[in-house]
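The sequence and its predicted three-dimensional model are supplied below.
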Amino acid sequence: MVRIDGRRPNELRPLSFELDVQKHADGSCIVSLGDTRVLCAVTVEEQVPRWMRGSGRGWLTAEYNMLPAATNTRSNRERVLSAGRTKEIQRLIGRSLRAAVDLESLGERTFNVDCDVLDADGGTRTAAITGAYVAVNQAVGKLAYDQSPITSAVAAVSVGVIDGEVLVDLNYAEDSTADVDCNIVGLASGGLVEVQGTAEGQSFSAEQLTQMVTAAQSVLEEIFAVQVSALSAHR
């Protein structure tokens, strides 16, 4: 299959990170994945939610939003109550990052992760997870930990099936026509955090699911390498 942008089926869009883009954040970056761009910022508070006080454990929570001009048709700002899709995505980001952090080692502090989509061309939630890890890593580096509470890098990638072929990292045009849409989150230390798969046009087989997971794991290795390179260059 010839993809819309000429990529091979297993080829990731250009991925890059611009670090320290917000001076008041404890960690921040803009992650660019093709034409998708997400601002990820981390603010650390020296307290935890009331239900965790006295536990000795820390907490990490995430918020996600799409800026009004992120798509070709302006979307309204979400005020007071978040839409269902937004809640789903921010919970996914939070779960993914907590899987990569030892909360016991954080101390009684909260890592607030904000992910704001600047430009959307598919894969905004996967880009947000991938960029948020880099921002969290920066924030951890500014704190006086004897040993880092980060246990593994974490990243995510979308995978889909179009005309029977498995494609990785779908852009919007591909995502909107895919028969199957899947988002896969994995750890550099091995193992998967989450697999979100949905049949849009027709059902998919267990064999296709295995193919999607295998394709995602290969691309995740590439993403981990770019994360490491960006963080190493910044130190």
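Cool, got the structure.

Leaving out the residues flanking it, which one is nearest to C40?
Of all residues not flanking C40 in the chain, G131 sits nearest, at 4.0 Å (CB to CB, 6 or more residues apart in numbering). (Each C-beta comes from the backbone N, C-alpha and C, glycine too.)

What number of residues are in the vicinity of the one you found?
When neighbours are defined as other CB atoms under 10 Å, G131 has 31 of them.

Next: S229.
By other CB under 10 Å, the residues close to S229 number 12.

Now it: phi and psi?
phi -60, psi -40 (degrees, to the nearest 10).

From N137, how far off is it?
Separation of S229 from N137 (CB to CB, to the nearest Å): 13 Å.

do D121 as well
Distance of D121 to N137, computed by CB to CB: 25 Å.

swap in L60?
In terms of CB to CB, L60 sits 12 Å off from N137.

hang on, D116 packs against L39?
Yes. Taking contacts as CB atoms under 8 Å, D116 lies within contact range of L39: 4.7 Å.

Which of the two has more residues huddled nearby?
Neighbour comparison, D116 and L39: the larger count goes to L39, with 22 against 17 (by other CB under 10 Å).

shaky segments in the chain?
Low-confidence segments of the chain (pLDDT under 70): 78-83.

run the last query once more with 80
For the chain, the stretches with pLDDT under 80 are 1, 68-69, 71-83, 201, 234-235.

most centrally placed residue in it?
In the chain, the residue lying closest to the centroid (CA atoms, centre = their mean) is I129, at 1.4 Å.

could you pull out the strands for the chain?
Remark: strands assigned in the chain by DSSP state E are 15-19, 27-33, 36-45, 59-66, 110-119, 154-162, 165-168, 180-187, 192-199.

number of nearby residues for G190?
Other residues close to G190 by other CB under 10 Å number 8.

what sits against the spatially closest residue to I184 that is not a sequence neighbour?
Computed as CB to CB, 6+ apart, the closest residue to I184 that is not its neighbour in sequence is A216, at 4.0 Å. Contact partners of A216, counting by CB atoms under 8 Å, 6 or more residues apart in numbering, are V157, V159, V168, C182, I184, G186.

Tabulate the residues you listed (CSV), appending neighbour count and distance to Q47.
Converted to CSV, those look like this (neighbours: other CB atoms under 10 Å; distance: CB to CB, whole Å):
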residue, neighbour count, distance to Q47
V157, 28, 34
V159, 28, 39
V168, 25, 40
C182, 25, 37
I184, 24, 34
G186, 27, 31
